[in-house]
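Novice: Provide a 3D model corresponding to the input given below.
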Amino acid sequence: KARFESALEQLKNHPNVDPERIGVVGYCFGGTMAMSMANAGYDLDVVGAFHAGLQLPIMPDSAGVVKAKILVANGADDPWVSEQQVSDLKMVMDEAGVDF
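Specialist: Down below sits the predicted model:
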């Protein structure tokens with residue numbers, strides 16, 4: 001969490017970045033962390049997670065916490081992600097009103 005916060009602060013302070021429009025893209029572990037940080041309520045506008053794990057360390061615990069729109073792009077035949085994990089993630093995200 002501390003590394004993400006440090007990176008986010010560096011990004012927001014960069015002169016070529018609009019700090020009001022922040023997106024995060026991650027692949028594999030990075031996608032899992034990107035979704036987790038959105039679920040923790042960080043001020044992100046969009047998250048793209050590719051080949052990410054779906055058993056996230058941080059899940060949204062109530063409606064309105066997640067501000068970001070989230071794209072999850074995992075292969076249907078990915079042996080590391082079960083149909084149950086997909087179903088569980090959809091249920092939690094729907095219950096929390098996440099735009100994904």
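
Novice: ok, residue 4 to residue 46 distance?
Specialist: Residue 4 sits 16 Å away from residue 46, going by C-beta to C-beta, to the nearest Å. Backbone N, C-alpha and C define where each C-beta goes, glycine included.

Novice: what does residue 66 give?
Specialist: 11 Å.

Novice: Neighbour count: those two, which is higher?
Specialist: Between residue 66 and residue 46, residue 66 has the larger neighbour count (other C-beta atoms under 10 Å), namely 26 against 17.

Novice: Tell me which residues touch the more buried one, please.
Specialist: Going by C-beta atoms under 8 Å, 6 or more residues apart in numbering, residue 66 touches 38, 39, 41, 60, 93, 96, 97, 98, 99.

Novice: what about the chain, any weak spots by pLDDT?
Specialist: Within the chain, no range satisfies pLDDT under 70.

Novice: Can you tell me which residue is spatially central in it?
Specialist: Central residue of the chain (C-alpha atoms, centre = their mean): residue 35, 1.6 Å from the mean position.

Novice: Residue 53 versus that residue, what's the distance?
Specialist: 9 Å.

Novice: residue farthest from the centroid of the protein?
Specialist: For the chain, the largest distance from the centre (C-alpha atoms, centre = their mean) belongs to residue 15, which lies 24.8 Å off.

Novice: Touching, residue 33 and residue 25? I think so.
Specialist: No. Using C-beta atoms under 8 Å, residue 33 is not in contact with residue 25, being 11.2 Å away.

Novice: So for the two, which sits in the more crowded spot?
Specialist: residue 33 (22 against 13).

Novice: so when I look at that one, I'm seeing a helix, right?
Specialist: Yes. Using DSSP: H, G, I helix; E, B strand; the rest coil, the assignment for residue 33 is a helix.

Novice: Tell me the bridge partners for the nearest residue to it once chain neighbours are set aside.
Specialist: Closest residue to residue 33 apart from its sequence neighbours, by C-beta to C-beta, 6 or more residues apart in numbering: residue 26 at 6.0 Å. Here residue 26 sits in beta bridges with residue 49, going by DSSP bridges.

Novice: Residue 26 and residue 52, how far apart?
Specialist: 7 Å.
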